[in-house]
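Visitor: Pasted the sequence and its predicted model underneath.
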Amino acid sequence: MKKYIDPNAMRISFDLDEVLFVSPKTHKVEPELKFPWNLKYKERLREGTPKLIHDLQEKGYSVWVYTSSFRSISYIKGLFRHYGITFDDIINGERHRDEVQGESKVCKPSKLPSRYRISLHIDDERSVYENGRGHGFDVFPLFEQDDDWVEKIEKRADEVCRRKMLQEQLNNKHNV
């Protein structure tokens, strides 16, 4: 049964490479998948990823993947399913190219979360962080190993949600 997604839920997206997928040489990681799945899915998840995604969804947030990677959506879904994670939506490089860049001759940013009404995006690329200011989306920069990353992202998500709710209340007052 498909779960109900509140269309008004605040959306949070995660990049994959160097954010959720990390090297065990530089980061603490979740246990490797069991054979034979570890042969198909070689990526390792940053420690705490399943807990964070579940906690955010339990709070009512809509959680997405937004990656410039051209991994297929079915591959991404399959990998995360083995960790008990289901994302509310996935934007990969192909979908971004088709829906954001399209036929435009003007080069668009590598990610444009505001196009999908994503309120908070977690990424390791400084260019995405810089683009956030000019294109109306909030970016939480996540660069290296951080034992408190889960708590920091939950705190930022709650702050962004409160700010979004206050803005909606102000807009409703002005529209009355």
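Guide: Alright, I've got the coordinates. Numbers count the residues shown, from 1 in each chain.
Visitor: can you tell me the average pLDDT over the longest helix anywhere in the chain?
Guide: Longest helix in the chain by number of residues (criterion: DSSP state H): helix 149-175. Helix 149-175 shows a mean pLDDT of 87.
Visitor: any idea how far that helix is from the chain center?
Guide: With CA atoms, centre = their mean, to the nearest Å as the basis, the distance from the averaged C-alpha position of helix 149-175 to the chain average is 17 Å.
Visitor: now swap in stretch 8-18 and tell me
Guide: Its chain's C-alpha centre and that of stretch 8-18 lie 2 Å apart, by CA atoms, centre = their mean.
Visitor: what about the closest residue to Glu47 other than its chain neighbours, distance to Phe14?
Guide: The shortest distance from Glu47 to any residue that is not its chain neighbour, by CB to CB, 6 or more residues apart in numbering, is 4.0 Å, and that residue is Lys28. C-beta here means a position set from N, CA and C on the backbone, and glycine is covered the same way. In this structure, Lys28 and Phe14 are separated by 17 Å, where distance is defined by CB to CB, to the nearest Å.
Visitor: repeat for Lys155
Guide: Distance from Lys155 to Phe14, counting by CB to CB: 16 Å.
Visitor: out of those two, which sits in the more crowded spot?
Guide: Here Lys155 and Phe14 are set side by side on neighbour count (other CB atoms under 10 Å), and the busier one is Phe14, at 25 against 12.
Visitor: Phi, psi for the more buried one please.
Guide: The main-chain torsion angles of Phe14 are listed as degrees, to the nearest 10 and equal phi -120, psi 140.
Visitor: For the nearest residue to it once chain neighbours are set aside, what is the enclosing helix or strand?
Guide: Counting by CB to CB, 6+ apart, Phe14 lies nearest to Ile122, which is 4.9 Å off, once chain neighbours are set aside. For Ile122, the element it lies in under DSSP states H and E is strand 118-123.
Visitor: Tell me the helices and strands packed up against that strand.
Guide: In terms of contact count using 3 or more CB pairs under 8 Å, 6 or more residues apart in numbering; DSSP states H and E, strand 118-123 is assigned the packing partners strand 11-14, strand 62-66, helix 126-135, strand 138-141, helix 149-175.
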